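Q: sequence first, predicted model second:
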Amino acid sequence: LTGPSAWHNKYPVAHGSRQSPIDIVPHQASRDPNLSQIVLNYDRCTSINISNNGHSVVVEFDDTDDRSVIQGGPLDNPYRLKQFHFHWGEKGCEGSEHTVSGNSYASELHLVHWNAVKYKTFDEAATAPDGLAVLGIFLDTGDDHRWLHTITDALYMVKFKGSITDFKDFNPKCLLPSSLHYWTYLGSLTTPPLHESVIWIVLKDPITVSEKQLGKFRMLLFTGEEEDQRLRMENNFRPPQPLKGRKVRSSN
Ligand SMILES: CC[C@H](C)CCC(=O)Nc1ccc(S(N)(=O)=O)cc1
Ligand SMILES: [Zn+2]
């Protein structure tokens with residue numbers, strides 16, 4: 001037993017008061033006029049590599065200075081881009097982590113940022129209540145996404161758990177939907193260690209990718225090259241967790 005329902009054994013915070021993901025119910029979210037728009041300054045961002053960590057495919061960035069940050073909205077400081085990764089299902093009707101009125105999207109992209117103003121390292125920020133800011137973007141299936149092929153073309157290089165390869169000059173700005181309207185709430189990492197350190201910013205509008213592009217994520221493996229069992233990487237999403245009285249706010 002290793003899935004989300006067993007995580008509480010080793011990580012009791014799995015039953016904590018601010019766990020993620022959650023089901024977002026739009027008409028129960030409170031419109032907050034004080035919530036400004038979010039601002040993404042990714043123009044000087046520097047991607048470094050792409051890897052398979054046995055849970056997802058991750059693109060990492062150089063976070064040694066403030067070259068790519070998210071700010072505004074619910075954030076009191078600029079947060080530095082550290083990495084992005086995806087969650088997906090085995091078929092188009094499920095795969096996202098957050099759901100909207102009980103409905104899942106086919107996949108969800110997470111852009112992980114950390115508060116380098118208040119904390120010295122990502123690991124320190126990852127354990128602080130205001131340490132991380134994750135921008136969540138839903139993926140819907142439909143037409144091909146014009147820029148996603150840059151990532152899907154590299155997936156064969158990181159098929160096995162533990163594989164990593166160079167991945168330079170990728171700017172995730174090309175993966176944003178047209179509107180930056182969002183919901184925001186206080187939550188956690190959605191995989192162990194499940195730290196309750198994330199200010200979640202979930203964009204309301206999905207981006208569209210094709211079933212073919214999404215299928216390439218499913219050829220990744222949870223298992224390493226040396227393992228005899230080949231387990232396809234799919235359904236790497238945690239189901240929605242109890243809201244426990246939390247308020248979800250909506251941008252205007
Ligand atoms: C202690 C250091 C750090 C926890 C270990 C590596 C890490 O970054 N984990 C992580 C990041 C993001 C998410 S999610 N899916 O965006 O909530 C889940 C797990
Ligand atoms: Zn994630």
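A: Alright, I've got the coordinates. From a predicted model like this one, the values you see are computed outputs, not experimental measurements. Ligands and ions are numbered 1, 2, ... in the order given.
Q: what residues does this structure have near ligand 1?
A: His110, Val112, Asp123, Ala126, Val134, Leu189, Thr190, Thr191, Pro193, His195, Val198 (CB under 6 Å from any ligand atom). For the C-beta atoms, the positions are set from N, CA and C on the backbone; glycine is no exception.
Q: distance check, the first one against Gly187.
A: The spacing between His110 and Gly187, counted by CB to CB, to the nearest Å, is 12 Å.
Q: those two: who's more crowded?
A: Gly187 (27 against 23; other CB atoms under 10 Å).
Q: any idea what the more buried one is bridged to?
A: Val198 (DSSP bridges).
Q: that one contacts Pro21, doesn't it?
A: Yes: judged on CB atoms under 8 Å, Gly187 makes contact with Pro21 at a distance of 7.3 Å.
Q: point out where the stretch 1-150 of the chain drops to low pLDDT.
A: By pLDDT under 70, the low-scoring segments of the stretch 1-150 of the chain are 1.
Q: give me that answer again for 90
A: Segments of the stretch 1-150 of the chain classed as low confidence (criterion: pLDDT under 90) are 1-2, 43, 45, 91-92.
Q: average model confidence for stretch 175-182?
A: The average pLDDT within stretch 175-182 is 98.
Q: chain center to it, what's the gap?
A: How far stretch 175-182 lies from its chain's middle: 14 Å, per CA atoms, centre = their mean, to the nearest Å.
Q: in the stretch 101-250 of the chain, which spans are helices?
A: With DSSP state H, counting those that start in this stretch as the criterion, the stretch 101-250 of the chain has helices at 122-125, 149-152, 211-217.
Q: so which bits of the first one are buried?
A: The neighbour-count criterion (16 or more other CB atoms under 10 Å) identifies Phe122, Ala125 as the buried residues of helix 122-125.
Q: what's the answer for the last one, then?
A: Across helix 211-217, burial judged by 16+ other CB under 10 Å covers Gln213, Leu214, Lys216, Phe217.
Q: measure the last one to Tyr156 for me?
A: It refers to Phe217. 12 Å.
Q: before we move on, what about the third one?
A: Noted for Lys216: a distance of 8 Å to Tyr156, by CB to CB.
Q: now Asn9: phi and psi?
A: Phi and psi for Asn9, reported as degrees, to the nearest 10, are phi -60, psi -40.
Q: tell me, how many residues neighbour it?
A: Applying other CB under 10 Å, I find that Asn9 has 9 neighbouring residues.
Q: how about the closest residue to Thr165 other than its chain neighbours, what does it touch?
A: Nearest non-adjacent residue to Thr165, counting by CB to CB, 6 or more residues apart in numbering: Met157, 4.4 Å away. Met157 makes contacts with Ile50, Ser163, Thr165, as judged by CB atoms under 8 Å, 6 or more residues apart in numbering.
Q: all strands of the stretch 101-250 of the chain, in order?
A: For the stretch 101-250 of the chain, the strands defined by DSSP state E, counting those that start in this stretch cover 107-114, 132-141, 164-166, 182-187, 198-203, 207-209, 249-250.
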